[in-house]
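Engineer: Just need the structure, nothing else, for what follows:
(chains A and B)
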Amino acid sequence: MNKFLSNEYNVLTARVLVGGLLILSSADKLGDPSLFAGSIENYKLVSGTFATVFATVLPWIELLCGISIIAGVLLQGSSLLAGVLLSVFTIAVVTALVRDLDISCGCFTQDPSASKIGWLKLAENTVLIALTVFLYYSRNSRFSLHDYIRNHSGQTESQRKQVH
Amino acid sequence: MTGLHRAVKEALVIALVAATLGFMNSALRGKGVFAAVGSPSSPLHAPVSPTMIHLPEAKDLFESEEALFIDARHEFEYAHGHIPGALNLPISEFDARRTVVDFLPKDRILITYCDGVECNSSINLATKLHEAGFSGVRIFFGGWNEWTSQDLPTEATRP
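Structural biologist: Numbers count the residues shown, from 1 in each chain, chains lettered A, B, ... in the order given. Predicted coordinates for the structure are as follows:
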């Protein structure tokens, strides 16, 4: 298990996949928060004002988590936050499916004519949540920005020593 | 436990920075929470967003002729039956029929409806109308199904 968690390529793949999807899903929402607020309101779980506040902040959380996960910086915190967000989204999708709401997800595009929510979306979110849990417990920081800076500064140090 | 504490702290920092960026972006671009603050269409000013109404209110507004009903269903459904006087504006054709939208009365209450609680095109249409500057938009969420279940007047343009 430890071997799997610390395999650098497993961690890198999960980071690129989760981080990339988070950045992708934030793009359309950042462009027009009011449309995203409409998508949140469609779930009929929160009022208009709350939906607007969520629509203003959530895309930025997705973007920062995505960048942070890909860069491997604050990886535990960003994967924890992404996991919590995805869990909340999944619960919202489940309640909408149970209530037979014929609505679009609002996940990657705010186009009302986009594909409707369904059990496939649920499966997709479950996989992503599993990946955030994996990243939370992962023990390898190779290919991360932190790792790059450490190696780079280490190299500079050795170069300095050579010169002296 | 210390690992979880650190992760929670990191998550809070990210959330805080995201909230700051989100509110700043909203204030600078005039979208989201600070959308045109001071204007009547701001989400923080009444009307917050199109409001939902139930059958009794929809019926009263129909009888008093204070409102214009807008049918968000497909054209053929509208043709087979709709609330008398209702205008057909399917959500998928909103942009294509922009000229129709421009001629909608700004001084009347607009009530959108679709089939009923199982559809959301009435909500999407109301949101689009609200964004287009209409402030008196209501959503009759019970829609066509609730209207016809009470034997209220209907009209059809096709038998």
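Engineer: what number of residues lie near the residue of chain B found nearest chain A?
Structural biologist: In chain B, no residue comes nearer to chain A than residue B:10, which is 2.2 Å away by Cβ to the nearest Cβ. From N, CA and C alone the C-beta is placed, and that goes for glycine too. Number of residues near residue B:10 (other Cβ atoms under 10 Å in any protein chain shown) recorded here: 20.
Engineer: again with residue B:81
Structural biologist: 16.
Engineer: For residue B:65, report the pLDDT, please.
Structural biologist: On pLDDT, residue B:65 comes in at 86.
Engineer: Is it in a helix, a strand, or coil?
Structural biologist: coil (DSSP: H, G, I helix; E, B strand; the rest coil).
Engineer: residue contacts, the residue most central in space within chain A?
Structural biologist: The structure's chain A has its C-alpha centroid closest to residue A:22; by Cα atoms, centre = their mean the separation is 3.8 Å. Listed by Cβ atoms under 8 Å, 6 or more residues apart in numbering or on different chains, the contact partners of residue A:22 are A:62, A:63, A:65, A:66, A:69, A:82.
Engineer: show me what contacts the residue of chain A found nearest chain B?
Structural biologist: Per Cβ to the nearest Cβ, residue A:77 is where chain A lies closest to chain B, at 2.2 Å. By Cβ under 8 Å, 6+ apart, the contact list for residue A:77 reads A:68, B:6, B:7, B:8, B:9, B:10, B:11, B:12, B:13, B:14.
Engineer: Give me the nearest residue to it, chain neighbours excluded.
Structural biologist: Leaving aside its sequence neighbours, residue A:77 sits nearest to residue B:10 (Cβ to Cβ, 6 or more residues apart in numbering or on different chains; 2.2 Å).
Engineer: That neighbour contacts residue A:73, correct?
Structural biologist: No: contact criterion Cβ atoms under 8 Å: residue B:10 and residue A:73 do not qualify, at 9.3 Å.
Engineer: So which elements touch the top helix by length along chain B?
Structural biologist: Taking DSSP state H as the criterion, chain B has its longest helix at helix B:2-29. Counting by 3 or more Cβ pairs under 8 Å, 6 or more residues apart in numbering or on different chains; DSSP states H and E, the packing neighbours recorded for helix B:2-29 are helix A:48-71, helix A:75-98.
Engineer: tell me the most buried of the ones you listed?
Structural biologist: Each of those was scored by mean neighbour count; the highest is helix A:48-71, a mean of 23, by mean count of other Cβ atoms under 10 Å in any protein chain shown.
Engineer: Can it be said to contact chain B?
Structural biologist: Yes: counting by Cβ under 8 Å from any Cβ of the partner chain, chain B has neighbours in helix A:48-71: A:48-49, A:51-53, A:55-61, A:63-65, A:68.
Engineer: Could you check the angle that helix makes with helix B:2-29?
Structural biologist: If you take axes from the mean of the first three to the mean of the last three Cα atoms, to 10 degrees, helix A:48-71 sits at 120 degrees to helix B:2-29.
Engineer: quick one: is the helix or strand containing residue A:36 near chain B?
Structural biologist: Following DSSP states H and E, one finds residue A:36 within helix A:33-42. Yes: using Cβ under 8 Å from any Cβ, helix A:33-42 comes into contact with chain B via A:33, A:34, A:35, A:37, A:38, A:41, A:42.
Engineer: picking up where we left off before, list the contacts of the residue nearest to residue A:77.
Structural biologist: A:74, A:76, A:77, A:78, A:80.
Engineer: what about the first one, distance to residue B:9?
Structural biologist: As judged by Cβ to Cβ, to the nearest Å, residue A:74 and residue B:9 stand 9 Å apart.
Engineer: And those two? Which one has more around it.
Structural biologist: Set residue A:74 next to residue B:9 and count neighbours by other Cβ under 10 Å: residue A:74 wins out with 22 against 13.
Engineer: ok, the more buried one - contacts?
Structural biologist: A:68, B:10, B:13, B:14.
Engineer: do the same with residue B:117
Structural biologist: B:141, B:142, B:143, B:145.
Engineer: now, the most widely separated pair of these?
Structural biologist: Taking Cβ to Cβ, the two most distant members of these are B:141 and B:145; they sit 10.5 Å apart.
Engineer: what is in contact with those two at once?
Structural biologist: Contacts common to residue B:141 and residue B:145, judged by Cβ under 8 Å, 6+ apart, are B:116, B:117.
Engineer: neighbour-wise, which of the two wins?
Structural biologist: The neighbour comparison of residue B:141 against residue B:145 (other Cβ under 10 Å) goes to residue B:141, with 22 against 14.
Engineer: so what's that one closest to, chain neighbours aside?
Structural biologist: Using Cβ to Cβ, 6+ apart, the nearest residue to residue B:141 is residue B:52, at 5.0 Å.
Engineer: Was I right to think residue B:51 contacts residue B:135?
Structural biologist: No: in this structure, residue B:51 is not within contact of residue B:135 by Cβ under 8 Å, at 11.0 Å.
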